[in-house]
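>>> here's a sequence, model it:
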Amino acid sequence: MLPLAEWRSARLASLTAPDGWLNLVARIELAPGRHLVGAAQEVQLPSGPDLLGTLEISDSGATFAAPGKAPEPFQPIPDAFPQLQVGTFLLEIHTVDGVPALRVRDLTLTPAITLRHFADPPDWTIRANWESFAPRVYDVAMKDGSTAAVTLTHRATFQHEGETVTLTPTHWKSGKPMFVFRDATAGETYPACRFLFGEDASDTEITLDFNRAISPPCAFTDFAICPLPPPGNILPFRIEAGELAP
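Coordinates of the predicted model:
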């Protein structure tokens, strides 16, 4: 793992990057088909030209044609959704439970943010037990009231004040399990949840460094849709480590 200071610098850089969470200006759900996109079109953007171009969504993917130009395909992005830059906008086809949406980032925006953290107590860096189980499908609740089907395959367990705590990851990113959890610091931390990525997993153990617990994307923008913690990941005690609410 990166040293904590370097990791936090990388975290801040990812938030403020062109494809980060601070320059999103729209998320518009769309049916498959052809759509005109622009400040004065059926798919209305909050800024930019009256007609940015024509978006076409099909079962085989999505393309976008600027006025007078040939359609260009959206490009696959590792651990993200297909993207395409058109002028000063970064367009993304964001699909949740089979429903596509156009998510729009304005590259002329240069937002800045300061992240706040708890102090860094070493007792919240835990080497937990890590075990797999037979895959099962689970409908995870999303912050917008919808649900999304995920496949659960693993659990992490550790001891806290004489009790066994079990956390189940609902998502994976870059090969790392992502735990969506909430604890008794909610309100000081982002109220809905925080995310934590497990590190250095072996067949039987995994590191949970709660100093690297982060606020989810929906803490920074209304145009993100975030999962909520499953009931077992709602903890009755305080974890005074990681990011405070932005």
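>>> could you measure from residue 124 over to residue 118?
9 Å (Cβ to Cβ, to the nearest Å). Every C-beta, even on glycine, is put in place using the N, C-alpha and C of the backbone.
>>> buried ones in the longest strand along the chain?
Scanning the chain for the longest strand, with DSSP state E as the assignment, gives strand 125-141. Within strand 125-141, the residues scored as buried using 16 or more other Cβ atoms under 10 Å are 125, 128, 130, 140.
>>> would CSV of these with distance to residue 223 and pLDDT be doable?
As requested, the buried residues of strand 125-141 are exported to CSV (distance: Cβ to Cβ, whole Å; pLDDT from 0 to 100):
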residue, distance to residue 223, pLDDT
125, 33, 97
128, 34, 98
130, 34, 98
140, 19, 95
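>>> closest to the centroid, which residue in this protein?
Nearest to the geometric centre of the chain sits residue 217, at 5.2 Å (Cα atoms, centre = their mean).
>>> and that residue, its phi and psi?
phi -50, psi -40 (degrees, to the nearest 10).
>>> likewise for residue 53?
Dihedral pair for residue 53: phi 160, psi -170, per degrees, to the nearest 10.
>>> which one of the buried residues of strand 125-141 is nearest to residue 91?
Distance to residue 91, by Cβ to Cβ, is smallest for residue 140 among the buried residues of strand 125-141, at 26.5 Å.
>>> okay, residue 144: pLDDT?
For residue 144, the model assigns a pLDDT of 86.
>>> does residue 6 sit in a helix, a strand or a coil?
helix (DSSP: H, G, I helix; E, B strand; the rest coil).
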